[in-house]
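S.K.: quick one, fold the following:
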Amino acid sequence: MNMAVPDTLGRPYLDALCTVLGRAKGANVESLPAAAGLVADVVAGDGIVYVFGSGHSQLVALDVNRRAGSIAPLQVVFDPMWGASELVEGYGRTLLSEVAFTRADCLVVISNSGTTAAPIEVAMAARSAGTPVIVLTAIEASLAARSRHSSGKRLCELADIALDNGNIESDVAIRVGLVGVGATSTLVAAALLHEVLVEAVFSLAARGIEAPVYRANTEEGGREHNARLRERYLGRLKAVP
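M.R.: Okay, the predicted model is just below:
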């Protein structure tokens, strides 16, 4: 038999999510505009914004990929294993076999723990190429944990700009007895990344630059506009599954 949540509890997950979002907003007062400014610089300079997330964090990367309201010069570094090999050293580098980072680009790496090998290796590769790195992670929890990469580095220690997703313990917001439920990292990370893109578009507009942003196909002229954007970056971006 299904048991409804008693009305006296209110909306526990939504309330908890709002709390974490508020904490993340407060924690990123300086880093959000810094990240947005970097993304705006990359777009204005005809670079590419690369985005990588391992496991559930890949959902965040895919959420800004080729969709209405997101920028066109954005490349997801896709992990076909969906994080199953994220602890295997060397795997992160294999995902970059067809990626050529440049100083004109930037990389966004999303990992709640910030301690697994694959995202750390992807960030290291970008830094070696002189590509600025934006990291989206649970900073406090990450710094309290042990790196699972032989370098001993945590992801936030490789960041030019670090965004904090507001998680302070494990990725659950609610305890029901001994059971933890209500993961927030994916939703909060997605919200922060969309905030970065929105603020970047505002920054570009202030410079008199029309941002290359996809429109909804249902808008008048939307499909034609999107086709022109795809043509503009043809050969520089790869489709992801």
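S.K.: who touches whichever helix in the chain runs longest?
M.R.: In terms of residue count, the longest helix belonging to the chain (DSSP state H) is helix 185-206. Applying CB atoms under 8 Å, 6 or more residues apart in numbering, the contact partners of helix 185-206 are 17, 20-21, 24, 28, 32-33, 35-37, 39-40, 43-44, 51, 53, 56-57, 59-60, 63-64, 69-71, 108, 110, 112, 134, 136, 138, 163, 165-167, 171, 210-211, 213. Every C-beta, even on glycine, is put in place using the N, C-alpha and C of the backbone.
S.K.: list the helices and strands the helix or strand following it packs on?
M.R.: Where DSSP states H and E defines the elements, the next helix or strand beyond helix 185-206 is helix 222-232. If you count contacts as 3 or more CB pairs under 8 Å, 6 or more residues apart in numbering; DSSP states H and E, helix 222-232 packs onto no helix or strand.
S.K.: distance from the chain centre to helix 222-232, please.
M.R.: Here helix 222-232 shows a centroid-to-chain-centroid distance of 24 Å under the convention CA atoms, centre = their mean, to the nearest Å.
S.K.: CA atoms of that helix as PDB?
M.R.: Only the C-alpha atoms of helix 222-232 are listed here, as PDB (Å, rounded to 0.1, in the frame of the first residue of the first chain):
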ATOM      1  CA  GLY A 222      13.400  29.200 -34.800                       C
ATOM      2  CA  ARG A 223      14.400  26.200 -36.900                       C
ATOM      3  CA  GLU A 224      16.100  28.400 -39.500                       C
ATOM      4  CA  HIS A 225      18.000  30.400 -36.800                       C
ATOM      5  CA  ASN A 226      19.200  27.200 -35.200                       C
ATOM      6  CA  ALA A 227      20.300  25.700 -38.600                       C
ATOM      7  CA  ARG A 228      22.400  28.800 -39.200                       C
ATOM      8  CA  LEU A 229      24.000  28.400 -35.800                       C
ATOM      9  CA  ARG A 230      24.900  24.800 -36.500                       C
ATOM     10  CA  GLU A 231      26.300  25.800 -39.900                       C
ATOM     11  CA  ARG A 232      28.400  28.500 -38.200                       C
END
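S.K.: may I see the buried residues of that helix?
M.R.: Within helix 222-232, the residues scored as buried using 16 or more other CB atoms under 10 Å are 225-226, 229.
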